[in-house]
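[1] My questions concern the predicted model and sequence given below.
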Amino acid sequence: MQNKEEITNIFYFPAETDIRENVIEFGDSDTLIKYKIKHPFKLFNTVTVCVQTTKRNFSFTISKGFVWNGADIPRFLWFVGSRTDNQFLISSMIHDYLLNNKFQMMNENLNGNITPNKYRRLTSLIFREILKATGTNKIKANVMSFFVDCWQRLVFSRINTFTFHT
């Protein structure tokens, strides 16, 4: 029986990512304003992420202009932190990119050699390790990663039913 995949090293460069708020500007349409409110963060430089695990090495690039919503933390859990806390921005950006591009990542970057459930787990591990690397204490990072993984299990189970079983 093979051991579970674990992260051995993860890094991104440049280390100084240029993340800014997605500012609402005069003349923005109502649709664009709603979009910017829902996705309050924008990446202003390109970031390359390299991941080494006990089973594989891969990298991917998040292009300048990527937008995301920050950490999805329900209001009743804001004692952990809010979705817009700076300490969660990089990990939420990388995690959201992985989820938004899951089919490309699974098929191209990982050569189709990963199941949807293992990909889900891998994205949660990456999220946890980036949280720890950016200053979130180990306990909080583990708890946040656990709940993110639980949420993904619910979402991925719906996706798998419709997408992967033909």
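    It's in.
[2] Where does T17 sit: helix, strand or coil?
    The three-state label given to T17 by DSSP: H, G, I helix; E, B strand; the rest coil is coil.
[3] Contact partners for the closest residue to it other than its chain neighbours?
    Distances taken as Cβ to Cβ, 6 or more residues apart in numbering place V47 nearest to T17, at 5.4 Å, with adjacent residues excluded. All C-beta atoms are positioned from the backbone trio N, CA, C, and that covers glycine. Contacts for V47 were tallied using Cβ atoms under 8 Å, 6 or more residues apart in numbering; they are Y12, F13, P14, T17, T61, I62, M93.
[4] One more pass at 6 Å, please.
    Y12, T17, I62 (Cβ atoms under 6 Å, 6 or more residues apart in numbering).
[5] Of these, just say which sits nearest to K4.
    Using Cβ to Cβ, Y12 is the member of the contacts of V47 that lies nearest K4, at 23.4 Å.
[6] And the closest one, its phi and psi?
    phi -140, psi 150 (degrees, to the nearest 10).
[7] number of nearby residues for it?
    21 (other Cβ atoms under 10 Å).
[8] Next, count neighbours for the closest residue in space to it that isn't next to it in sequence.
    When the adjacent residues along the chain are set aside, Y12 lies closest to V49, with 4.5 Å between them (Cβ to Cβ, 6+ apart). V49: 20 surrounding residues under other Cβ under 10 Å.
[9] Likewise for K102?
    Residues near K102, counting by other Cβ under 10 Å: 17.
[10] List the residues that contact it.
    Contacts of K102 by Cβ under 6 Å, 6+ apart: none found.
[11] Going forward, count from 277.
    New numbering, starting at 277: the last item is K378.
[12] can you tell me how far it sits from I390?
    Applying Cβ to Cβ, to the nearest Å, the value for K378 to I390 is 10 Å.
[13] And N279, by the same measure?
    For N279 relative to I390 (Cβ to Cβ), the value is 15 Å.
[14] who has more neighbours, those two?
    I390 (20 against 7).
[15] Alright, I will stop here.
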